[in-house]
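*Asks:* make a model of this:
(2 chains)
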Amino acid sequence: MSNLNMKRWQLGRREVLRGLGATIALPFLDAMLPASARAAEAAAKPKRSVFLYIPNGVNTLTWQIEKAGADYEFTKPLKSLEKHRADITPISGLHHPMVLGKHHNCEKVWLTGANVPGDGGAFRNTVSADQLIAEVQGNATRFSSLEMAIEGTSLAWSRDGIQIPAERNTQQIFNMLFGVERDSKETIRRRLSRRGSILDIVADDAKRVNNKLGSEDRSKLDEYLTAVRQVEERTRRADEWLNVAKPAVPASEAARLQRKLSMAEAGEYYRLFYDLMVMALRTDSTRVITCGIGSEGHTSGIPEIGILQTRHGLSHHNGDPEQLRRLTETDTFLVGQFSYFLDQLKEHKEGDTPLLDTTQVLWGSGMAYGHSHGNANLPTILAGGKSLGYKHGTHLDFNLPRIGQYNVADATAHYQICSRPVDTDARVSNLLLTMLQRVDVKADTFQDSVGVISQILS
Amino acid sequence: MQQARECLATLARRAFRRPVTDEEISQYMRIVQSELEAKETFRNAVKAGMLAILNSKSFLFIAEGDENASRQTLNDWEIASRLSYLLWNTMPDAELFALAEQGKLRDKAVLEQQVARLLADARSQRFTDSFATQWLRLKKVGMFQPDRKLYPDYDKAAESSMVGETKAFFREVLSSGLTLREFLHSDWSMLNLRLAQFYGLPEGLVSDDDFQRVSLPADSHRGGLLTQAAILSLTSDGVRHRPVHRGVWVMESIFGKSPPPPPANVNPIPTNPTGPKATLRQKLEAHIHDANCAVCHARIDPLGLAFENYDAIGRWRTEEVTDGIGENPKVSAAGKLPDGRTYQTADEFKKLLVEDLDAFNHTFIEKLATYALRRSMSFDDRDHLKAIAAASKAKDYRVTDIVTALVTSDLFQKR
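*Replies:* Down below sits the predicted model:
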C-alpha cells in the first residue's frame, strides 16, 4: 500500500529544489572552525576517499581467494591487481545484516547499511559514509564531494536519507570542475546574494510553523529545510570560491577529458571516468568521490570482450558454465579498470607522496552470488591510503577461521557462504567505520558496526 | 510598489492555493525592496520576490489544517486542492477557486458535478496514468532489461507499447463507464500495431501506432489486466519469468494483502544446467519442501502459476525454453486456490477472480482512497470504506461511480 502513499508531485518539486543544491553536498560542522584555521588544517593534510560500486556481485566460484594472510594468490579475475599487492587488501566475509536476502536493494544501502523493509513498504535510507566524510574533509575544497555514475545511480545519501543525484555526463563533470564561467564576477556575486536573501525568507517562513507540526509532517518539513540549508551552504561556498580561479587543466589532457564516448567502447569510457576522478583529486577540487560503476538493473554488456549480455542477466547464470565463464570475464574486465585507476593514483604525486597514499579507495558490490541474490561474503577490496594509517598486503578473511578452508568445487556449499554470513560480526559497517575514522570523522559507531577492523591498521 | 505588491499577492494566492495574509506578502516585499536597493531593475526585483514564493514551503507542500487550531475536516480551499490534485495532478483552476471562495465545496451535489467536469477534461489523463502506474507498479516494467539474446523482439518501443496498453486500458474502463470486472477479464483491449504483432494477433486488427480499442479473438489468450504484457513482464528478472513474484503482485494489487517477507536464511536454489530439462515450476516445487516455506507459498504461488503460459516478457507459450538435456518441457498453468477452487488455465483463473468481485472491489477502493488522501487507510476509516464499497456495488461496480462515491464520501473531507 505504501507505494501508493508516495507524494509523487511533492517529490518531483522537491527534486527541483534539490537539483539546485545537489551538485555539492554541504558540511554541517563547517561553521565550527574559523575559515582560516579550517583551510590551514585541511591544506596541511589532504585525506581523500573514493567509493566505487559494481553491481550484481561476481562469479564467486572463480573470485574467491582461498588463502588468508600475506602469501595469498590472486585468482584469475583479480590477476591485474598483482602489481598493487602492497597497496591493497582484498576482504572476504563481510555483509550488511539488514539487507540480507532483499534483492537488489543492496545498491542503495552499500554505503549506508540501512534497513530495507522486506515487504516492499516505505523505505527511508540513512546517511552514507561518504557524506559523513564530506562534512569533515569537504571544507577546504571547491566541492565538498563529487557524485558520479557511469551506468549506475548515486551511492551518496544525505543525512535525511535522500539520494544526492549523481552526474553521468562526462562533459558536464568536466565543466563543473574545470569549465570557465561566462558571467562576470560581479554578476555572479549579485546572483548569489539574491539567492541568499530568497533562502533566508523561505527558511524563516518554514521554521515559523515547524514547531507546530506533528512528527510526521515535521520530518517532511525537515527534509525541505535541509534542502534549503544545503543550497544556502552551496551559495556561501560558491561565493567564497568566487575569487579563486578554477584549476587549469593542461590543453592536451583537457582535450582527452572532454571526449564524447559511450558504452560502445566500454574500456575507454570507464577510463575517462577514472581519469576525471584522478584529475579532480590531483587539482584538489574535492576529496570525496562516489561513483556507481553500474546499477543492479541496467549495466550493459562489454562489446570489446565479446560480451553483449547485461551484467544482471549474466549474474542469473543458473549454473550454466558458459554464462559463468562470461561473468568471470566481465569481473576480470572491471578489476582491470580498477587496476588502471590505482596506476594513475600512484603515478601522480603531491610532493613526493603518490596520490594513492592519501586516498582510501573502496571497491566492491552489495551482492555476492547474484543468481540467488546472495549478499553475504561481499566482494570487497580496500586500496590506498598508506599515509592515512593503513597496512596492506594481506588477504583479510573472516570466513576461514570458522570454515577451515574453501571448497569452490562444491558450488552449492560456496554459494551458501555467499548467501548467509559465516561470521555475523563481520560487517561492512565495521569497514566503513574504520574508513570514517581514518579521515578524522569523529564516530565510535556507524549503523550496525561492532568495531573497527584493526587488522588493516598500521 | 503597490503594483509589485498586487502582482505578488496574485501569484501567492494561486501558488499557495488559498487566501494569503498581508504579513505573508510583506515578507516577499522585503526581498523586492532589498533588490531595488541593490540597484536591480524593477522587473528583476519583482522576479526575485516571485522566486521566493515559488521556493516557499506553502507552494511546495500541500497544507491541510490550521497552524493554531485543531480540526479534523478540510476547509473548502483544501477540498479544492485535494480534488484537483486527485484528478488533474495540478492546482485547482479558476472555477474550483471560485467555488471554494463561495464555500460550496462541501456540498455533495456540487462535488459530483465537479468530478464529472474534471474527468471530462483532458487533464484527467494525468490521473489515469499516474494512478494506474502506482496501483499496478508499472514503473517496474523494464527495470531489469530483458536479455537481448533470449528476447530479441523486446526493445524500447515494445516496452512503451506495453505500458501504453495498460494505461489506455484503465482510461477506457473509466471513460466508457465500464465496471471493475473488465480489469479482471475482458474481450477487448487497447492495442497499437506493435503490440498486436507482439501478441501474434491476426493482421488487420489494428491499423496504426495509436492505441485503439480492439475486440480480441476468442483464442487470443488476452483480456483484462492480468494477461497484459506489461503486467506479466514487470515481475521478471530479465532472464526468466518469476511465478512467485507474479503471485505476490496479484496478492497485493488484486487482494490488497502483502505476504510476509521470506526469512533471510533460505538456502539458494541449486542450479542444474546439466541435468534433464525442467520447468521453473518443477524446480520450485522440488525446492519448497521446507514446511516453514510451504505455508506462505501455498497461498502465494497459485496466484502466479496460473500464468505459466506466458514467458518473461508476456509472450504466449506452451513449452518452456530452458537449459539442460532433452526436449523442452511442457508448461502447466493448473492450480488450486487456498479456498479449494481449481483452475486449468489463466482464463479459468481470471473467471474465479471475477466470482470474487467484492474482494477486488474493496482493494480497489482502498488503493484509490490512499491515492486521493495521500495517506494509508487506518482502522478509523473502515466504515467509510465499507460505505463506498456498498455504493460501488449498488452501481454495479462502475469505475466512474466509484470515483464519484469516494469524492462525495465523508472520508474525502477528512484529514
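*Asks:* C-alpha only now, for contacts and for neighbours.
*Replies:* Will do.
*Asks:* buried residues, stretch B:308-325. List them.
*Replies:* Across stretch B:308-325, burial judged by 16 or more other CA atoms under 10 Å in any protein chain shown covers B:308-316, B:319-323.
*Asks:* leaving out chain neighbours, which residue sits closest to residue A:457?
*Replies:* residue A:390 (4.6 Å; CA to CA, 6 or more residues apart in numbering or on different chains).
*Asks:* end to end on stretch A:405-420, go ahead and measure it.
*Replies:* 16 Å (CA to CA, to the nearest Å).
*Asks:* thinking again about what came up before, so which of the buried residues of stretch B:308-325 are also by chain A?
*Replies:* With CA under 8 Å from any CA of the partner chain as the criterion, the buried residues of stretch B:308-325 include residue B:323 near chain A.
*Asks:* residue A:242: which of the buried residues of stretch B:308-325 is nearest?
*Replies:* residue B:313 (53.3 Å; CA to CA).
*Asks:* where does the closest residue to the closest one other than its chain neighbours land on pLDDT?
*Replies:* With sequence-adjacent residues excluded and distances taken as CA to CA, 6+ apart, residue B:313 is closest to residue B:233, at 4.5 Å. On the pLDDT scale, residue B:233 is placed at 96.
*Asks:* how about residue B:263?
*Replies:* For residue B:263, pLDDT reads 68.
*Asks:* and for residue B:67?
*Replies:* For residue B:67, the predicted pLDDT is 72.
*Asks:* any idea how far chain A is from it?
*Replies:* 7 Å (CA to the nearest CA, to the nearest Å).
*Asks:* make sure I have this right: residue A:148 is in a strand.
*Replies:* Yes. According to DSSP: H, G, I helix; E, B strand; the rest coil, residue A:148 belongs to a strand.
*Asks:* looks like it contacts residue A:171 (just checking).
*Replies:* No. Judged on CA atoms under 8 Å, residue A:148 makes no contact with residue A:171 at a distance of 11.9 Å.
*Asks:* what's around the residue in the stretch 351-458 of chain A positioned nearest to chain B, how many residues?
*Replies:* Of all residues in the stretch 351-458 of chain A, residue A:372 sits closest to chain B, at 5.6 Å by CA to the nearest CA. Using other CA atoms under 10 Å in any protein chain shown, the number of residues around residue A:372 comes to 23.
*Asks:* distance of it relative to residue B:13?
*Replies:* 55 Å.
*Asks:* all strands for chain A, in order.
*Replies:* In chain A, the strands defined using DSSP state E lie at A:48-53, A:88-92, A:146-149, A:288-292, A:349-350, A:353-354, A:359-364, A:380-384, A:396-397.
*Asks:* which of these has the lowest mean pLDDT?
*Replies:* strand A:349-350 (a mean of 89).
*Asks:* what's in contact with that one?
*Replies:* Strand A:349-350 is contacted from outside by A:282, A:355, using CA atoms under 8 Å, 6 or more residues apart in numbering or on different chains.
*Asks:* turn the strands of chain A into TSV, including mean neighbour count and distance to residue A:312.
*Replies:* Shown next, in TSV, are these (neighbours: other CA atoms under 10 Å in any protein chain shown; distance: least, CA to CA, whole Å):
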stretch	mean neighbour count	distance to residue A:312
strand A:48-53	24	14
strand A:88-92	24	22
strand A:146-149	26	17
strand A:288-292	26	15
strand A:349-350	14	38
strand A:353-354	16	36
strand A:359-364	22	16
strand A:380-384	24	19
strand A:396-397	22	27
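*Asks:* and the ones you listed: which comes nearest residue A:111?
*Replies:* Residue A:111 lies closest to strand A:48-53 among the strands of chain A, at 8.5 Å (CA to CA).
*Asks:* list the strands paired with the closest one, with their directions.
*Replies:* strand A:288-292 (parallel), strand A:359-364 (parallel) (DSSP bridges).
*Asks:* who's in contact with it?
*Replies:* A:107, A:130, A:137, A:155, A:281, A:287-294, A:358-366, A:385, A:439.
*Asks:* mind redoing it with 6 Å?
*Replies:* Where contact means CA atoms under 6 Å, 6 or more residues apart in numbering or on different chains, the residues beyond strand A:48-53 that reach it are A:287-293, A:358-365.
*Asks:* what does stretch B:316-333 give?
*Replies:* By CA under 6 Å, 6+ apart, the surrounding residues in contact with stretch B:316-333 are B:273, B:274, B:275, B:276, B:277, B:305, B:306, B:308, B:309, B:310, B:344, B:345.
*Asks:* next, count neighbours for residue A:171.
*Replies:* 17.
*Asks:* with adjacent residues omitted, what lies nearest to it?
*Replies:* That would be residue A:258: by CA to CA, 6+ apart, it lies 5.8 Å from residue A:171.
*Asks:* so what pLDDT did that neighbour get?
*Replies:* pLDDT at residue A:258 comes out at 94.
*Asks:* can you tell me how far it sits from chain B?
*Replies:* 29 Å.
*Asks:* phi, psi of that residue?
*Replies:* The phi/psi pair for residue A:258 (degrees, to the nearest 10) reads phi -100, psi 10.
*Asks:* circling back to that earlier point, let's have the strands paired with strand A:48-53 in TSV, adding distance to residue B:72.
*Replies:* Below are those laid out as TSV (distance: least, CA to CA, whole Å):
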stretch	distance to residue B:72
strand A:288-292	46
strand A:359-364	51
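*Asks:* tell me which parts of the stretch 101-250 of chain B are close to chain A?
*Replies:* B:134, B:143, B:144, B:239 (CA under 6 Å from any CA of the partner chain).
*Asks:* can you tell me which of the residues you listed has the most neighbours?
*Replies:* residue B:239 (24 neighbours).
*Asks:* where does that residue sit, in terms of helix or strand?
*Replies:* Following DSSP states H and E, there is no helix or strand that holds residue B:239.
*Asks:* just residue B:304 next, same as before
*Replies:* Here residue B:304 is assigned to helix B:291-305, by DSSP H and E.
*Asks:* again, but for residue B:367
*Replies:* Using DSSP H and E, residue B:367 falls in helix B:357-373.
*Asks:* how about that helix: buried residues?
*Replies:* B:357-358, B:360-373.
*Asks:* just the pLDDT at the residue lying closest to residue B:131 once chain neighbours are set aside, thanks.
*Replies:* Spatially, and ignoring its direct neighbours in sequence, residue B:131 is nearest to residue B:371 (7.3 Å; CA to CA, 6+ apart). Reported pLDDT at residue B:371 in the predicted model: 94.
*Asks:* what's the answer for residue B:34, then?
*Replies:* pLDDT, residue B:34: 92.
*Asks:* ditto for residue B:122
*Replies:* 97.
*Asks:* one more: residue A:4?
*Replies:* For residue A:4, the model assigns a pLDDT of 40.
*Asks:* just name the shakiest helix or strand of chain B by mean pLDDT.
*Replies:* Ranked by mean pLDDT, DSSP states H and E, the weakest helix or strand in chain B is helix B:280-287, scoring a mean of 79.
*Asks:* residue in the stretch 101-250 of chain B nearest to chain A?
*Replies:* For the stretch 101-250 of chain B, CA to the nearest CA, closest residue to chain A: residue B:144, 4.7 Å.
*Asks:* which residues does that residue contact?
*Replies:* Taking CA under 6 Å, 6+ apart, we find residue B:144 in contact with A:297, B:237, B:238.
*Asks:* residue B:211: which of the strands paired with strand A:48-53 is closest?
*Replies:* Ranking the strands paired with strand A:48-53 by proximity to residue B:211 (CA to CA) places strand A:288-292 first, at 37.7 Å.
*Asks:* can I get the closest one in PDB, CA atoms only?
*Replies:* What follows is strand A:288-292, C-alpha atoms only, in PDB (Å, rounded to 0.1, in the frame of the first residue of the first chain):
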ATOM      1  CA  VAL A 288      35.400  12.700  -1.600                       C
ATOM      2  CA  ILE A 289      34.200  10.900  -4.600                       C
ATOM      3  CA  THR A 290      31.500   8.200  -5.100                       C
ATOM      4  CA  CYS A 291      30.900   6.500  -8.500                       C
ATOM      5  CA  GLY A 292      28.300   4.000  -9.300                       C
END
